[in-house]
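K.L.:
what would the 3D arrangement of this be:
(one chain, ligands or ions: 3)
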Amino acid sequence: MKKLIVLAIALMFMLSLAYAGDFSYVGVKRCRGCQKGERKGNVYETWLSKKHAKAFENIKAKGEEKNEKCLACHTTGFNNGGYKIGDANNVNYEGVQCESCHGPGSVYKKISLMKNREEALKNGLVDIKEETCTGCHDGSEHAGGKFNYQEALKQIDHTYTKK
Ligand code: HEC
Ligand code: HEC
Ligand code: HEC
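P.N.:
Ligands and ions are numbered 1, 2, ... in the order given. A predicted model of the protein is given here:
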């Protein structure tokens, strides 16, 4: 009987983990720790060289860094666990960072999950598709008009393991 109770509690705990779904954003500085340098395909450096990394600076230059309408697409996880007006952690979520596309990394950042895509996908990692982008690249004139996913992917490419 005791064993059964222990088992039941363990099962409930596991289920609560599986259904929690509350993964949080850790910010690019945390991703950078493992994804920087030549050995890691210069993933971080490549991102840094593109416009996503400058998205916050660009709204700031226009004096619009407090405008919610701009923050939604020019920051990471806006009002959804990342950037939030008045929050002390905001510096960690400026611009369109890794987690804007790859999903909030609080759990899948663990090395064991990083090495196991299937498990990572259950723990916050996003299987990137066109819809990952079109929340921001919404076809509006401001967002550059009609979004060409394949072309856009080439422009932001930072894959290195399959080349
Ligand atoms: C959170 C919103 C957001 C998401 C998600 C997003 N983007 Fe962007 N993207 C932007 C913004 C904002 C800019 C322009 C930044 C600037 O210039 O200030 C941009 C710029 C770009 C550019 C121009 C890059 C350059 O350096 O010239 C490309 C290409 C692009 N995005 C592709 C993508 C693709 C592909 C995806 C999905 C896999 C994606 N984006 C997801 C907001 C987003
Ligand atoms: C629906 C998402 C979205 C919203 C909302 C949004 N932007 Fe953007 N913004 C983008 C995308 C996507 C691009 C890149 C367009 C392109 O590639 O041509 C962009 C580009 C820019 C750029 C151009 C940077 C450059 O390369 O010259 C500036 C500046 C900018 N946005 C400022 C703003 C401001 C200010 C607001 C609020 C008034 C705002 N954006 C709201 C998605 C958005
Ligand atoms: C605009 C969306 C976007 C942003 C921002 C972004 N990535 Fe990616 N990333 C992708 C896409 C698309 C792929 C290729 C398809 C896939 O692996 O899902 C990819 C692939 C990768 C890979 C796999 C590389 C390989 O060769 O297997 C790593 C690692 C990675 N990204 C890390 C990062 C890190 C770290 C950052 C931030 C410094 C970042 N990404 C920012 C969209 C993005």
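
K.L.:
going by C-alpha atoms from here, please, whenever you check contacts or count neighbours.
P.N.:
Fine.

K.L.:
element containing N80, please.
P.N.:
Counting by DSSP states H and E, there is no helix or strand that carries N80.

K.L.:
cool, and G105?
P.N.:
G105 belongs to no helix or strand, assigned by DSSP H and E.

K.L.:
distance from the chain centre to stretch 62-73, please.
P.N.:
19 Å (Cα atoms, centre = their mean, to the nearest Å).

K.L.:
for it, measure first residue to last.
P.N.:
Taking Cα to Cα, to the nearest Å, stretch 62-73 runs 15 Å from one end to the other.

K.L.:
wondering if it reaches ligand 3 at all.
P.N.:
No - for stretch 62-73, no contact with ligand 3 is found by Cα under 6 Å from any ligand atom; the gap never falls below 11.3 Å.

K.L.:
may I see the buried residues of that stretch?
P.N.:
Residues of stretch 62-73 classed as buried: 65, 71-73 (neighbour count, 16 or more other Cα atoms under 10 Å).

K.L.:
what's the answer for stretch 93-109, then?
P.N.:
For stretch 93-109, the neighbour count (16+ other Cα under 10 Å) marks 93-101, 103-109 as buried.

K.L.:
then stretch 139-159?
P.N.:
Here stretch 139-159 shows F147 as buried, counting by 16+ other Cα under 10 Å.

K.L.:
got a list of contacts for that stretch?
P.N.:
41-43, 46-47, 50, 130, 134, 136-138 (Cα atoms under 8 Å, 6 or more residues apart in numbering).

K.L.:
that one vs ligand 1: in contact?
P.N.:
Yes - Stretch 139-159 comes into contact with ligand 1 (Cα under 6 Å from any ligand atom), by way of 149, 152-153, 155-156.

K.L.:
for the nearest residue to K50 once chain neighbours are set aside, give its distance to ligand 2.
P.N.:
Residue nearest to K50 in three dimensions, not counting chain neighbours: I156, with 7.2 Å by Cα to Cα, 6 or more residues apart in numbering. The gap separating I156 from ligand 2 is 11 Å, by Cα to the nearest ligand atom, to the nearest Å.

K.L.:
then K162?
P.N.:
Relative to ligand 2, and taking Cα to the nearest ligand atom, K162 is found at 27 Å.

K.L.:
between the buried residues of stretch 62-73, which is closest to ligand 1?
P.N.:
C73 (4.0 Å; Cα to the nearest ligand atom).

K.L.:
can you narrow the residues of stretch 139-159 next to ligand 1 to ones near ligand 3?
P.N.:
L153.
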